[in-house]
Every structure is written in structure tokens, then in C-alpha cells.
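okay, here's the prediction I keep looking at, along with the sequence it came from:
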Amino acid sequence: MPFAVRVHATGGPEALVYEDVTVPDPGPGEVRLVQRAIGVNFIDVYHRNGLYKLAKLPAIIGSEGAGDVVAVGPGVDRFKVGDRAAYAGPIGGYVQERVVPSDRLVKLPDGISYETAAAGLLQGMTARFLLRQVYRVGPETTMLLHAAAGGVGLIACQWAHSLGATIIGTVSSDEKAELAREHGCTYVINTKRDDFVSGVREYTQGEACDVVYDSVGKDTFPQSLDCLKPKGLWVSFGNSSGPVPPFPLTALKGSLFATRPTLFAYTATARELQENASEFFQMVLSNQIRIEINHRYPLTNAADAHRDLEARRTTGSIILIP
């Protein structure tokens, strides 16, 4: 019988319980996947602690994984038994085996490992829609990227660098600053030591940024708005320090724009999902992006992964091994 990590009541990392579960046969349009690697993302923390409400409890959290197709349900023609596949989105990933809707799966190209897919697909597709769709980053772009040494951050640094952008990144240690620079960040600010608003103003000689990518939330707001040019865009896509408090529209001084995008809105259809994943895989296969898997934990130790992630002791990507 497969084992999973489930949440019976929302709370701290201790709320993650390792136990056996029953996995059904795939129904119409579904695929059963034996997982080889499972991605860990901050959205998992939000589901565990209740910031993002789960549909029902107990629940298996986790939104990313990769493995082998072992059964297909009626009406599935895109996958067959033995295919290597990955997903980023359908909740229920902290488990050895699971059933996934086939239109939420992507095939793994030759050259993309299970671990790379599980560690990078959600974060890579996030970087892609942020840089290619929410704001079209190019050589003329000056951008501020918070948490530049995190999972999304390291991928976004490399991707934005390949597009010719000027990237100002924030980090919380000198070690992370060096990591961000190694991945293409143009200028790095250690927020434990320096004020990032002053740093941005000094580096840009008062010009400020075209766009701010903010996955931190409470600790970087409203200061992030002070880093934007008139008509600049603030992109809030995470809350690692807590949610952004309500604010009046008058805070968007200088005709600023604000958006709260989600990956799921940008991969809502099977076609959008395939396009997003394909471009990410191509960036990896062409060596323009490398996925840094700096932390591996057994599935049984998922709580330790959450503790380290919340304490900002991690860099790059985190995976669980079933």
C-alpha cells in the first residue's frame, strides 16, 4: 500500500503525518503515476498552515512531481504505460503513487530527469509566465527580483539574464548573494545589512525599475512600490513573510500598476500548459537554465523540509524522494 504525507489539521510542520493511503484506479481521463521525485514549494506551506484553504481534511498536499505512468483510464490517448511524465498544479503530490488528470500532465523529453522535472517544473513555468507574459522582459528592462537565491529566483535570474535584462536581486545573506550573482543577477542587495530601496535608487542613479517581482510579501511592502518608475508594474506572486496587508489605491502613486498572478491562471488549458512546459524544458536542454537541487529529503522527512524552507535555510530547489 502506498504511503503519503497528509494534513489532518492545519498548523506547523508537525501537522505533516506520514501514513499509508489507498490510491484508486484511474478514472476517465486520468493517469496513475508512480512518483520518482516530488517538488517542495512555498505554496505547500500555505496549504499546510491554512493560509490557502484546503478543500477538505485530511488532505495530501504538494503540487509537483514526476514519475512513470503505470495505468491509464478510459479516454486517455496522450499517455501510455511506461511513459515518463510530470505535473505542476494538481494538489496531492506528497505520496508515492497518485492519480492525475491527463490534461494536467506533460511528457518528459529525453534529457530531463525525474528530479529536474520535480524540482523545476512549477518554479520554471512560474519564471516563464512572469518574464514572458505578465511583463515582457527584454534588454531594455531593469527589474527588481526579491528572494533572488530561492527556487524561482535562481531560475528567473538565469532566464532574465538570457533575455538581456538588468537584474537587481535581494537576498538575506552574503552566501545567497554570491549564488544569485553566479546565476546572472546583475546587482545584489543583502537586506540583512542594506536598505533595498536605497540600493535600487543608488544603482539606477534614481531611475528605479520597470518591474518588481515580489514573492516575499509583508516584509517588502510597500517599499517595493518605491522602487518603481512611473507607470511601473509591481508583481506580487508570493507571501513567504506573510500576506500583503490591504492598501488604498492611492498607494499606487505615479500611475503604478499592481497584479497578483498565479501559475494556474496562465496554464488553465492543456495547450497553455504544454506551451509553458515546453519552453521551460527547452531552456534547460539548451543549458541556458540549470536547476539547482540543493536539498533532498526522504518523503518521511517532509516536516524537516518545511522547517528549513520557512526558516530561509534553503537555496534553489527542494525535492522529496518517495
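Nice, thanks for sending it over. Numbers count the residues shown, from 1 in each chain.

please count neighbours and contacts with C-alpha atoms only from this point.
Noted.

run a quick neighbour tally on residue 22.
When counting by other C-alpha atoms under 10 Å, one arrives at 11 neighbours for residue 22.

got it, and residue 247?
10.

use 48 as the first number for this chain going forward.
Yep, numbering from 48; the last one is residue 294 now.

any idea which strand is longest in the protein?
In the chain, with assignment by DSSP state E, the single longest strand is strand 77-87.

okay, buried residues for stretch 323-336 please.
Using 16 or more other C-alpha atoms under 10 Å as the test for burial, stretch 323-336 gives 323-325, 327-328, 330-331, 336.

which residues are contacting that stretch?
With C-alpha atoms under 8 Å, 6 or more residues apart in numbering as the test, stretch 323-336 has contacts from 153, 156, 158-159, 168, 171-172, 175-176, 202, 205-206, 209, 314, 337-338.

quick check: ChimeraX command selecting the buried ones in these.
Selection of buried members from the contacts of stretch 323-336 for ChimeraX, criterion 16+ other C-alpha under 10 Å:
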select :153,168,171,172,175,176,202,205,206,314,337,338
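
and of the contacts of stretch 323-336, the nearest to residue 367?
residue 168 (14.4 Å; C-alpha to C-alpha).

list the contacts for the closest one?
With C-alpha under 8 Å, 6+ apart, residue 168 has these contacts: 111, 133-135, 324, 327.

can I see the domain layout of this protein?
50-168+337-368, 186-307 (automatic domain parsing).

so which of the ones you listed gets nearest residue 319?
Here domain 50-168+337-368 is closest among those (C-alpha to C-alpha), at 10.4 Å.

and the closest one, how far apart are its ends?
12 Å (C-alpha to C-alpha, to the nearest Å).

next one: stretch 150-161
Per C-alpha to C-alpha, stretch 150-161 runs 19 Å from first to last residue.

now residue 269: how far from residue 243?
12 Å.

and those two? which has more neighbours close in?
Taking other C-alpha under 10 Å, residue 269 and residue 243 do not tie; residue 243 has more neighbours (25 against 15).

now the more buried one, nearest residue through space, not along the chain?
residue 236 (6.2 Å; C-alpha to C-alpha, 6 or more residues apart in numbering).

where's that neighbour, which helix or strand?
Under the criterion of DSSP states H and E, residue 236 resides in strand 234-237.

could I get the CA-only coordinates of that strand as CSV?
C-alpha atoms of strand 234-237 as CSV (Å, rounded to 0.1, in the frame of the first residue of the first chain):
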residue,chain,number,x,y,z
TYR,A,234,23.5,43.6,-8.8
VAL,A,235,22.6,42.1,-5.4
ILE,A,236,21.4,43.7,-2.2
ASN,A,237,21.7,41.9,1.2
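
quick one: list the elements packing against that strand.
When contacts are defined as 3 or more C-alpha pairs under 8 Å, 6 or more residues apart in numbering; DSSP states H and E, strand 234-237 packs onto strand 213-218, helix 221-229, helix 243-250.

so for the longest one, what gets flagged as buried?
I take that to be helix 221-229. So for helix 221-229, counting by 16+ other C-alpha under 10 Å, buried means 223-224, 226-228.

centroid-nearest residue for this structure?
residue 170 (3.3 Å; C-alpha atoms, centre = their mean).

tell me, what's the model's pLDDT at that one?
Looking at residue 170, its pLDDT reads 92.

which residues touch it?
198-199, 202.

sorry, back to before: show me the beta-bridge partners of the residue nearest to residue 243.
residue 217 (DSSP bridges).

how far away is it from residue 216?
6 Å.

neighbour count: these two, which is higher?
residue 216 (30 against 23).

now do the more buried one, the pLDDT please.
According to the prediction, residue 216 has pLDDT 98.

residues touching it, list them.
191-195, 227, 232-236.

for residue 92, same thing?
353, 357.

rerun that using 10 Å as the cut-off
Residue 92 makes contacts with 57-60, 98-99, 108-109, 287, 353-354, 356-357, as judged by C-alpha atoms under 10 Å, 6 or more residues apart in numbering.

look up which helix or strand it falls in, please.
helix 89-96.

and for residue 328?
helix 317-332.

among the helices and strands packed on strand 234-237, which comes closest to residue 257?
strand 213-218 (10.2 Å).

show me where the stretch 248-369 of the chain has strands.
In the stretch 248-369 of the chain, the segments counted as strands under DSSP state E, counting those that start in this stretch are 256-261, 275-283, 304-306, 340-345, 364-368.

helix, strand or coil for the residue lying closest to residue 317 once chain neighbours are set aside?
Computed as C-alpha to C-alpha, 6+ apart, the closest residue to residue 317 that is not its neighbour in sequence is residue 150, at 5.5 Å. Counting by DSSP: H, G, I helix; E, B strand; the rest coil, the backbone at residue 150 sits in helix.

which ones are touching residue 150?
So residue 150 contacts 76-78, 123, 125, 134, 316-318, 320-321 (C-alpha under 10 Å, 6+ apart).
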